[in-house]
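# Build me a model from this:
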Amino acid sequence: MSGIAPSVSPGGPAEIGRQHWQTEHRIEESGVPFTFLRPGFFMQNLLETAAPMVSKLGLLAAPMGGAPIAMVDARDIAAVAAEVLTGDSHHDRVYDVTGPRAFGYEELAAVLSDATGQRVRYVSMPPGLAANVLRRQGKPDWYVEHLVEMAELFRAGAGATVSTTVRDLTGRPSRTIESFAAEHAGSFTQEGVPQLLHTAARFGLTMAGRAASVLRAG
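Below you'll find the model as predicted:
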């Protein structure tokens, strides 16, 4: 398992992508048979990065701008890996593994709204503001730097390419974001949060966004 294809290069913009390239390069140089899987953004990441705020505040806040991302269900990656491990025609191959289509976070918010029956609003945060929030949450520097680098990568369009690997290797289509959201709707559903808290949280995040806008303009 490697990294998302556009990041895997010796001079790539993300440290994790450069590390993946070094690993791939050394394996190729060793002469042993290999198969590299390069998956896109995992849908399951949303359960950690998006679900807590969506379920509490009805907000999907992320530094992704309007970039389209072909998110993939991790179970589809596992199905591809199983085919590779049990098949005999995948030596020295590289497979990009993505979902069936690319979509932005604005559309993701609409999908989550439909799945939960509750309004979800997308707020695009500047990467620098997102980094400050993560640091205030006590996240280590390496983690913050990794997420910011990946966000910048996705904002530049690195996750937009759609592959047919899941269908080609497993014989069935990859899972959609709609099916994922419906299956995990409970993780994104707002329960037991007073309306006053919703209003206060939205107001606070709006003010933070305005402050960021002022800083950028200055």
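
# Any figure for the gap between the nearest residue to Phe103 once chain neighbours are set aside and Thr98?
Nearest non-adjacent residue to Phe103, counting by Cβ to Cβ, 6 or more residues apart in numbering: Pro68, 5.9 Å away. From N, CA and C alone the C-beta is placed, and that goes for glycine too. Plainly put, Pro68 is 11 Å away from Thr98 if you go by Cβ to Cβ, to the nearest Å.

# Quick check: Ser124 touching Met64?
Yes: checked against Cβ atoms under 8 Å, the pair Ser124 and Met64 is within contact range at 6.7 Å.

# For the two, indicate the residue with more neighbours.
Neighbour totals were compared for Ser124 and Met64, and Met64 leads with 25 against 18 (other Cβ atoms under 10 Å).

# State the pLDDT value of Ala131.
The confidence metric pLDDT takes the value 92 at Ala131.

# Actually, Leu153.
88.

# need the contact list for Pro127.
Neighbour list for Pro127: 63, 148, 151-152, 155 [criterion: Cβ atoms under 8 Å, 6 or more residues apart in numbering].

# of all the residues you listed, which two lie farthest apart?
Within the contacts of Pro127, Val148 and Arg155 form the most distant pair, 10.4 Å apart (Cβ to Cβ).

# Tell me where this protein has helices.
In the chain, the helices defined using DSSP state H lie at 15-30, 46-49, 51-57, 74-86, 105-116, 127-136, 141-155, 165-170, 177-183, 185-188, 195-217.

# what's the overlap in contacts for Val148 and Arg155?
In terms of Cβ under 8 Å, 6+ apart, Val148 and Arg155 are both contacted by the residues 63, 127.

# Distance check, the most centrally placed residue in the chain against Gly99.
When Cα atoms, centre = their mean is applied to the chain, the residue found nearest the centroid is Phe41 (3.8 Å). Relative to Gly99, Phe41 is positioned 9 Å away (Cβ to Cβ).

# Please identify every residue contacting each of the two.
Listed contacts common to Phe41 and Gly99 are 70-72; contacts here mean Cβ under 8 Å, 6+ apart.

# Low-confidence stretches in the protein?
Counting by pLDDT under 70, the chain contains low-confidence ranges at 6, 191-218.

# repeat that with 80
Along the chain, the parts satisfying pLDDT under 80 run over 1-17, 20-21, 190-218.
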